[in-house]
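J.: Please find the sequence and the predicted model below.
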Amino acid sequence: MTELLLLGPVEIRVAGKPVAPLQPRQHHVLAALVVDANRPVTWPTLVDRVWGTDVPDGARTAMRAHVSRIRVALRVAAELGGRPVRVIRGSGGYQVQAEEDQIDLHRLRRLADRARSTAAGADRVRLLREAVGLWRGEPLAGLPGDWAGRVRSAWQHERLDVVAAWALAELEAGNAATVTAALADLTEEHPLVESVAAAYVRALHAAGRTAEALDRYARVSHRLADELGVSPGAELRRAHQSVLHEERPVPPMVSYRAPPPPSGPRQLPLDVRGFVGRHDHLARLDELADDPGAIVLIRGTAGVGKTTLAVHWAHRLTDRFPDGQLYLNLRGFDPAEPPMDPAEAIRRCLLALDVPARRIPAGLDAVAALFRSELAGRRLLIVLDNALDEAQVRPLLPGTPGCLVVVTSRGTLTGLVAAEAAHPVDLGLLSTDEAAQLLSRRLGADRVVNEWQAVTGLIESCARLPLALAIAAARAAARPTAPLAALAGELDRARDRLDALAGADPHTNLRAVLAHSYHALSAPARRLFRLLGLHPGHDIAAPAAAALAALAPAESGTLLAELTGASLLLEHRPGRYTHHDLLRAYAAELAAADPDHDAARLRVLDHYLHTAYAADRRLYPARDPVSLAAPGPAVRPESFADERAALDWFAAEHATLLAAIDHAAAHGLDAHAWQLVWTVRTVLGRRGLWSELAAVTRTALAAAVRLDDPAVQARAHHQLGTTSVRLGRLDEAEDELNLGLTQYRELGNRTGEARAHHHLSYLFERRQAPERSLAHGRLALELYRQAGHRNGEAHALNSIGWYTAQLGDDREALDSCRRALAIFEELGDEHGQANTLDSLGFVQHRLGAHAEAVDCFRRALTLFRTLGNRFNEADTLTRLGDTHQAAGAPAAAREAWQQAMSILTDLRHPDTGKVRARLDR
């Protein structure tokens, strides 16, 4: 695999060896692209990262040359057997296309995230050991410039967090000696990092060096007090208390068993040639193999490779079971034959164990008892493949320890987990890298590397489902001279995808395989599965599923559980369900013939519209409402107790809401389209997602044009204008705002006119024309007062205060902002209060009242954070830093600017450069 290394000297490696050396500037360009792998890096960002403010003449030509040399190096790496990595050119910049695990930085973060979600134990230690081992020294070693320095500093903090977590995991495993030396060095380098100090205190104590542990705590405490003026934090205090109370980690007991030679029946099917991936699953299965009395349950959706994994793993274990291996295909979901009767299954096992046929009784209970008797005292590996349910499996279970049983099923078989303590191993889709390995094994590495773009299309179209990939590979292998792009094109057309993965053999016909799972469902569950094919998003919450199928919540929950139990859905987060693209395509195919499909589509869009409206009202109750048609009688919109609940819902449904807008517009439901856009405006704005807001607003405008609704068109033009200001597209913003203003005037909408003037004032502020800003602000105030719109009046007063301050009249500005704040407090508008406190902080700063300014900014920040308004939070942090700097507190100023920089970088906002300039100075 080609590796792109940043956590040390920047390198390209294959099989652990550096390849294709680059010049220093090319290393810099590579690092600047790889940190944002699979995301476009725009030209201004790339130039800033590589050259900073010292941009040479001919920078574009030089950059093209550097990228060209990097591409050559990556091709060399691929030719040496490395996993291909590409640098593509997009709109306004370049993008590195690579898998997460090919980049040490992203691999470290993935390992740390997995470790955080893993219970303490060997898995956690293993993950964190690997993460710590990725660090090869100073990150981006040798790269000059401010960007490299900032990144280097941020990554060092990540490293310290990971090392502290690794140390605690090792201590829990009884490995104190492993960590003390590493922590000793780190605490000398970073004496005030409390997480590292706490881990070192615990490690010294666990190693029997309690006096040193107490001394280390005392030294760190003194330094924190002397240098930072603070007391030890909770984590360090807890470490100290654990020493005082003599708490010691208990080292785990490990036992080993020598494998006896194998004998007996050898019924395992042929192992799959070229088995790829599933490393984590195999590691988990290997742990379970140490208990020969275990029942292992491998479960997952149709075609995900359960049998392949079970058989491959079983072949690795044959030496551990001297009495042999039994294998039974129970045909629980076989497309060609009925499920095997348990009594018949046991009879076959007994015959394989050399029990004479005459001794085998007829009844299930009697034959099961004989089977248990025959298994007693033996060490057998028993593979029960493709089980239908618990009732089919239970008679085949041994009655005494000694045999390892492996069950595979599309069902969850929770009864087996609960009653027989089976160990579930849930099998998901292949990773993209594993899918590419599968295709490479079957089609040859050269073909995969040479047609990599088509291969990625195949992998995506096959949803990383092993059966689908195997079928696609078989089709490609049958046409060795045909380009893979042709097959990828067939599969890319969703309507033809299942046809393209069909065949004469029912076991390798994807539609037939999926159909058998579908037809095994109850009739209500089949209906819900079909209708899920209409859902616009990639996952669905339980309340939306209930609305889609016009079900009561309890009934919907029962059916979702049935679909999950049949592995036709995955509950990937509590209460949220998804399935892969091929299952979605199959469901959509079935839904097209369902007579309820139009009504179901309307119900689910009603659910999202009315729930999003309720969430928006909770976030911004002062916002002028719009009138919605009542939801259908079977739709029960969700409600929200507070702003946090509303924000959490918007975060969970973000992608689905954007998809619902497009879905509504594509199916002629234009009222739903523009109203859904209205509901997401507040949350997208507060999160600074201006590009997304601009895109959906254009959808709303197109819907309004089709509806011939000038009021909605005016609102859409206005919104496009305000969003374009945020994006820095000022000419486009002025055109859109003036279009909205004209339509508002024609409609006689005084409030709309006022809003347009209000946002034109902001536009002219961005153009550094405060006199024009103030003029539009005063027009907005007059119109708001004519309309009797108190909230708008307060917003206009705040704007007037802001612009008069910029023009030098600070006393009038102070008075105007204070009047605005009084109205906002009277109305309970926290968003307005936050904006006005920010303005007051700015005016107090200009007056030299730095303490008052800091107080205003901090109150504004508290409100912005509560409201989830990230852009305004960054804006206020920038001004707070300015005030700290003016007050002679450069450390506080730097901290505020760094927080602002982090938010703006995350938002990819054009103001990032202004904050960076402050930090550079």
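T.: Now that the structure is in, tell me what you want to look at. As the structure is a prediction and not an experimental result, all values here were calculated from the model. Numbers count the residues shown, from 1 in each chain.

J.: And A599, how close does it get to V635?
T.: Going from A599 to V635 by C-beta to C-beta, to the nearest Å gives 11 Å. For every residue, glycine as well, the C-beta is placed using N, CA and C.

J.: neighbour count winner among the two?
T.: When neighbours are counted by other C-beta atoms under 10 Å, A599 and V635 differ, and V635 comes out ahead with 23 against 14.

J.: Contact partners for the more buried one?
T.: Contacts for V635 (C-beta atoms under 8 Å, 6 or more residues apart in numbering) come out as 547, 603, 606-607, 610.

J.: just these now: which is nearest Q719?
T.: The shortest approach to Q719 among these belongs to H610, at 20.9 Å (C-beta to C-beta).

J.: ok, for the closest one, nearest residue in space, not its chain neighbours?
T.: Once flanking residues are discounted, H610 sits nearest to P637: 3.7 Å by C-beta to C-beta, 6 or more residues apart in numbering.

J.: Please, which helix or strand holds the one you found?
T.: Following DSSP states H and E, there is no helix or strand that holds P637.

J.: Quick check: R331 touching A387?
T.: No: R331 lies out of contact with A387 (C-beta atoms under 8 Å); the separation is 9.3 Å.

J.: returning to what we had before: out of the contacts of V635, which is most surrounded?
T.: Within these, A547 tops the neighbour count with 29 neighbours, counted by other C-beta under 10 Å.

J.: Please give the element, helix or strand, for the spatially closest residue to that one that is not a sequence neighbour.
T.: Using C-beta to C-beta, 6+ apart and skipping the chain neighbours, the partner closest in space to A547 is H607 (3.7 Å). Assigned by DSSP H and E, H607 falls within helix 597-619.

J.: And the residue located most distally from the centre of the chain, its phi and psi?
T.: No residue in the chain sits farther from the centre than R358, which is 59.9 Å out by C-alpha atoms, centre = their mean. Dihedral angles of R358 (phi, psi; degrees, to the nearest 10) stand at phi -70, psi -20.

J.: separation between it and L350?
T.: Applying C-beta to C-beta, the value for R358 to L350 is 11 Å.

J.: swap in A645?
T.: In this view, A645 and L350 are 59 Å apart by C-beta to C-beta.

J.: Repeat that for A436.
T.: For A436, the distance to L350 - C-beta to C-beta - is 45 Å.

J.: which of these two has more neighbours?
T.: Each of A436 and L350 has its neighbours counted (other C-beta under 10 Å); A436 has more, 26 against 19.

J.: I figured the more buried one hits R83, correct?
T.: Yes: between A436 and R83 there is a contact at 7.1 Å, judged by C-beta under 8 Å.

J.: Around A515, how many other residues sit close by?
T.: A515 has 17 neighbouring residues, counting by other C-beta under 10 Å.

J.: tell me the pLDDT at it?
T.: Per-residue confidence (pLDDT) for A515: 85.

J.: That one sits in which helix or strand?
T.: In this structure, A515 sits in helix 510-519 according to DSSP H and E.

J.: V196 too?
T.: Using DSSP H and E, V196 falls in helix 194-206.
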